[in-house]
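Student: Quick one, structure for this:
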Amino acid sequence: MATSDIFKGLWVALVTPFRGGAVDEKALRALARRLIEGSVDGLVPVGSTGEAATMDDAERLRVIEIVLEEAGGKVPVMPGTGTNCTATTVALTRAARQAGAQAALVVTPYYNKPTPEGQLAHFEAAAKVGLPIIMYNIPGRTGVNMTVETMLTLARLPEIAGVKESSGSLDTVSELVAGAAERGLDFVVMSGDDSLALPSMAVGATGLVSVVGNVVPRETRAMIAAFQQGRAPEAARLHAKLLPLIKVLFAETNPAPCKALLSMLGMMQNELRLPLVPVRAATATKLRETWERLGFAAPAAAGVGS
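Tutor: Numbering: from 1, shown residues only. Below is the predicted model of the structure:
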């Protein structure tokens, strides 16, 4: 089996529960267990959704350890190890490998705005750790949009297994899929946008790294499975049901709406790290109304964060 074969289906970018300024380990364990029970295909702790940018290295590694413990080999774990400092990225990727992670999610360096040549050098350095890497292209957060050519050049490295594509461009997904096939590369494209997961899979993406999956893992997995099994009309129907929830989960900066909803459902405290703050009252009302209108089942683990 090629390394890239594990990067398919539903992977969830976990929020990091906090309580009193510290990581809420009990709520984190409960969330990881619930996602595994919800048939997710992989777990992605300490990424953008996990507020990793406001966590120190010790906290990030502790979260990785906890998620790996809860996964227990049942599903692969791909922690976010990317920063805007190449040396720190390499060190975190090495630590994730030593902890037992199956892969690392490495974001394009933010703030620095490296040229394509700088991006190549950054990912080449991370690849030398020897852990499979999924690049993370999210120009809305980093200020840099990787070109298709840069990504396909990096795809020649055996450790670069694919990309989490969050530029919002279906053309980019299509060009990456076609370009990898033309060059005979073992390289996957995963959607990083919940709302574009289904159309991205229609043009060759292998799955989704999801935010909404924190809240409704089974329903999100069912949508992906329906498409994978050739039931496109059912997948479209499930996508249409998820879409209003997805939209309200991004009404303010992620993960604030997701944490607010998980708090309403008793999964964790509604606590974020500055400069992120809890959602406005109007957004909280919309979250509650959308949830109730759609009629999703309440989490079985309700109450763990109370």
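
Student: now the strands: where do they sit in the stretch 101-250 of the chain?
Tutor: For the stretch 101-250 of the chain, the strands defined by DSSP state E, counting those that start in this stretch cover 104-107, 133-137, 160-165, 188-191, 207-210.

Student: Tell me the helices and strands packed up against the third one.
Tutor: In this case it means strand 160-165. strand 133-137, helix 170-182, strand 188-191 (3 or more C-beta pairs under 8 Å, 6 or more residues apart in numbering; DSSP states H and E). All C-beta atoms are positioned from the backbone trio N, CA, C, and that covers glycine.

Student: Quick one: mean pLDDT for the first one?
Tutor: Taken as a whole, strand 133-137 has an average pLDDT of 98.

Student: so it versus strand 160-165, what angle?
Tutor: Orientation check (axes from the mean of the first three to the mean of the last three C-alpha atoms, to 10 degrees): strand 133-137 against strand 160-165 gives 30 degrees.

Student: strands paired with strand 133-137, and their directions?
Tutor: Note on strand 133-137: by DSSP bridges, its sheet partners are strand 104-107 (parallel), strand 160-165 (parallel).

Student: how about the shortest one: buried residues?
Tutor: Along strand 104-107, these residues count as buried under the neighbour rule (16 or more other C-beta atoms under 10 Å): 104-107.

Student: Do I have it right that Ile6 meets Leu43?
Tutor: No: the criterion here is C-beta atoms under 8 Å, and Ile6 misses it with Leu43 at 12.0 Å.

Student: out of these two, which sits in the more crowded spot?
Tutor: The neighbour comparison of Ile6 against Leu43 (other C-beta atoms under 10 Å) goes to Leu43, with 26 against 20.

Student: Check the secondary structure at that one for me.
Tutor: What DSSP: H, G, I helix; E, B strand; the rest coil gives for Leu43 is strand.

Student: what sits against it?
Tutor: Contacts of Leu43 were listed using C-beta atoms under 8 Å, 6 or more residues apart in numbering, and they are 11-12, 14, 32, 35-36, 67, 71, 75-78.
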